[in-house]
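Enquirer: Predicted model, plus sequence, below.
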Amino acid sequence: MLKLLKKRIYPIGVDIGSGYLRMAQLGFDGEKLYLHSAAFEARPEECKAGSPDWQRWAVATIKDKIRNSGFKGKNIITALPSDDLFIEQIRIPRTTEKKIASSALSKVSKKLPFPAKEAALKHVVIDNPSANGELDVLVMIAQQQRVDRHLAIYENAGVELQGISVWPIAIVNSFIRFFSRRAEDQDVVSLLLDIGSNHTHVVICRQAALYFARMIPIGFNQLGEADMPVRLFAEIDASRRYFDSLALGCRIGKLMFLAGIGVDKEICDKVAELAQRMQVPAQMGDVFSAIEKPSHGEEDIDRRNSRISWATVFGLSLSETVE
């Protein structure tokens, strides 16, 4: 449920991806959302993601953008990078809320790339009337060491970290706030696509109800290579078919491509082809076009890398507005 009852400025969403650091802060003027400020910085090639140099670059960049890009306050909501998050869809015996996390961790422990005792876990219980007394659970797990690495970035940057979210929830936040507000959208199951620099995110949801999430390690940086677009959309289609096999009692009714206005026509055509095979309507959603932008910095933000969506970072800033 949206909590947009009075004028306010929301926390700063920070998305430190594999190629870029994005920051965005949204506000509400009593009638509509607006973009208070946003900032963008490419990761230097010599700073390998996750390295000490990368941490120092992230700290310095956040400090600089907070100081010089018009942000209000230092309250931050962020998400772990795609490479740091293990996601698995499982079914476990019905149990109490307190025991779901331990049961889910036990179920996936052998698949983790690190010891289960080092896991930091978030889970979402999926509504499935046909589960025969069991629970369908979407499990999202990170290694505590990597979580601590991100905590250190924000501590050293001198900001107030209000929370660490996960990219599937941030993407859903943006989708329902900007592109799924009509009454007829409330019961539609949607497949969301978000192509980044080196990853593609696939999310399936019904409004705020998250059903499925998967990261595919192919992004715009790889799509110029031979056969990569074909491989990517084969993986997306496989994700869709896997979701259909889960027997959750619902069918995908819409495909939403979250992308900037500069996205390649070839990719848009492939999205349309996928929607045609699925026999569902397709829509392109650019969060930047869906919101009033600030006068300062607008041209600089829109001009560079405009094909990549800002859905994740906008959704992080909006985390407090969606239950």
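Expert: All right, it came through fine.

Enquirer: quick one: pLDDT of the closest residue to Val263 other than its chain neighbours?
Expert: Spatial nearest neighbour of Val263, excluding adjacent residues (CB to CB, 6 or more residues apart in numbering): Arg307 at 4.2 Å. Quick note: C-beta positions are derived from backbone N, CA and C, even for glycine. In this model, Arg307 is scored at 79, pLDDT.

Enquirer: Please name the residues that touch Arg307.
Expert: Arg307 is in contact with Phe220, Ala259, Gly260, Ile261, Gly262, Val263, Asp264, counting by CB atoms under 8 Å, 6 or more residues apart in numbering.

Enquirer: need the contact list for the nearest residue to the third one once chain neighbours are set aside.
Expert: Read it as Gly260. Leaving aside its chain neighbours, Gly260 sits nearest to Ser306 (4.3 Å; criterion: CB to CB, 6+ apart). By CB under 8 Å, 6+ apart, the contact list for Ser306 reads Gly260, Ile261, Gly262.

Enquirer: repeat for Leu223
Expert: Contacts of Leu223 (CB under 8 Å, 6+ apart): Ile195, Pro229, Leu232, Asp264, Ile267.

Enquirer: So for this structure, the centremost residue is which one?
Expert: Taking CA atoms, centre = their mean as the criterion, Trp167 is the residue nearest the geometric centre of the chain, at 2.8 Å.

Enquirer: Farthest-apart pair in the contacts of Leu223, please.
Expert: Leu232 and Asp264 (12.1 Å; CB to CB).

Enquirer: Between those two, which has more neighbouring residues?
Expert: Leu232 (21 against 15; other CB atoms under 10 Å).

Enquirer: on that earlier part again, which of the helices or strands spans the residue nearest to Gly260?
Expert: Assigned by DSSP states H and E, Ser306 belongs to neither a helix nor a strand.

Enquirer: Distance-wise, check it relative to Cys268.
Expert: The spacing between Ser306 and Cys268, counted by CB to CB, to the nearest Å, is 14 Å.

Enquirer: for Pro52, same thing?
Expert: 40 Å.

Enquirer: next one: Lys254
Expert: 16 Å.

Enquirer: More neighbours: which of those two?
Expert: When neighbours are counted by other CB under 10 Å, Lys254 and Cys268 differ, and Lys254 comes out ahead with 18 against 14.

Enquirer: ok, and the closest non-adjacent residue to the more buried one?
Expert: In space, Lys254 is closest to Ser190, 4.6 Å off (CB to CB, 6+ apart).

Enquirer: For my notes, confirm the one you found occurs in a helix.
Expert: No: Ser190 is assigned strand when assessed by DSSP: H, G, I helix; E, B strand; the rest coil, not a helix.

Enquirer: what sits opposite it in the beta ladder?
Expert: Beta-bridge pairing for Ser190 (DSSP bridges): Cys205, Lys254.

Enquirer: Quick one: residues contacting it.
Expert: By CB under 8 Å, 6+ apart, the residues touching Ser190 are Phe175, Ser180, Ile204, Cys205, Arg206, Ile252, Gly253, Lys254, Leu255, Met256.

Enquirer: tell me the least confident of those?
Expert: Among these, Ser180 has the lowest pLDDT, at 88.

Enquirer: For burial, what's the neighbour tally of that residue?
Expert: By other CB under 10 Å, neighbour count at Ser180 equals 23.

Enquirer: just checking, it touches Gln207?
Expert: Yes: using CB atoms under 8 Å, Ser180 is in contact with Gln207, at 6.4 Å.

Enquirer: So for the residue nearest to Lys254, what's the pLDDT?
Expert: The predicted structure lists Ser190 with a pLDDT of 95.

Enquirer: remind me which residues of this protein are low pLDDT?
Expert: 1-5, 129-131, 294-305, 321-323 (pLDDT under 70).

Enquirer: For it, just list every one of the strands.
Expert: Using DSSP state E, the strands of the chain run over 8-16, 20-28, 33-42, 75-79, 86-93, 119-126, 134-143, 160-165, 189-195, 200-206, 209-216, 252-258, 282-285.
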